[in-house]
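*Asks:* Got a predicted structure here, sequence first:
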Amino acid sequence: MKKIHRFTLVELLAVMAIIAILSGIGFGAYTFANTRAKESATESLLKQIEAGLESFHTKNGYYPLSATNDFSVITFTVGADNRVTAVNFGDADTKLTYDSSASNRKGRMENEKFESFAKALDLEVIKKHLDASGRLDDAWGEAIYYRSPGSFKKGGYDLVSAGPDGEFSTDKAKDPKGITSLGKFREDDGTRLCDDIFNF
């Protein structure tokens, strides 16, 4: 007669503990990789916006203004033909629009301003980062904020995403409006004090 080996309770518990440890390690690695991928996607998105703004500045000599010189969300308008037709940085007076039917001089100038910004962007990628209202979001689905003239990047503009925790600076604010100290984002030597993604 064959002797049947049955697992003891201790052996089963040991196997379960090993599986739990390996699962924890795997989940931690997955979470880290996922967060890093989203950070990279958001950094890439900010670089695109920066490239568009620099292209616009080169052509027009200024950066589009934000509302009341404070942080504003960036919104894009996508037409019925699925083409981006406008971008607004918070100030209606500096909204960049494109009208394919424009025939007068003013309309052509507006189109040129829009194109000087849009030509530096991958608009298909931009459209994937728009919420239902056209607001430009980071990889976590939270708004990217813009301010011009910049308070932290003098002579330019400030761009910021809240990053993985969804809170801005060491203040843990829900939006960056009212945060006036660069020291709440980084040290003088450039050391970051929060997980926000920014250009200043």
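*Replies:* Received the coordinates, thanks.

*Asks:* separation between residue 93 and residue 139?
*Replies:* 31 Å (CB to CB, to the nearest Å). C-beta coordinates here come from the backbone N, C-alpha and C atoms, glycine included.

*Asks:* nope, residue 175 is what I was after
*Replies:* Noted for residue 175: a distance of 18 Å to residue 139, by CB to CB.

*Asks:* Who has more neighbours out of those two?
*Replies:* Each of residue 175 and residue 139 has its neighbours counted (other CB atoms under 10 Å); residue 139 has more, 21 against 17.

*Asks:* Now the more buried one: closest residue in space that isn't a chain neighbour?
*Replies:* residue 38 (3.7 Å; CB to CB, 6 or more residues apart in numbering).

*Asks:* Distance check, the one you found against residue 141.
*Replies:* Distance from residue 38 to residue 141, by CB to CB: 10 Å.

*Asks:* who's more crowded, the two?
*Replies:* residue 38 (18 against 11).

*Asks:* quick one: the more buried one and residue 137 touch, right?
*Replies:* No - if you go by CB atoms under 8 Å, residue 38 and residue 137 don't touch, sitting 11.3 Å apart.

*Asks:* pLDDT value on the most centrally placed residue in the chain, please?
*Replies:* Centroid check for the chain by CA atoms, centre = their mean gives residue 138 as the closest residue, at 3.2 Å. Looking at residue 138, its pLDDT is 97.

*Asks:* ok, back up a step: show the contacting residues for the residue nearest to residue 139.
*Replies:* 138, 139, 140, 164 (CB atoms under 8 Å, 6 or more residues apart in numbering).

*Asks:* can those residues go into CSV with extra columns for distance to residue 114 and secondary structure?
*Replies:* Below are the contacts of residue 38 laid out as CSV (distance: CB to CB, whole Å; DSSP: H, G, I helix; E, B strand; the rest coil):
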residue, distance to residue 114, secondary structure
138, 23, coil
139, 26, coil
140, 28, coil
164, 33, coil
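
*Asks:* Thanks a lot, catch you later.
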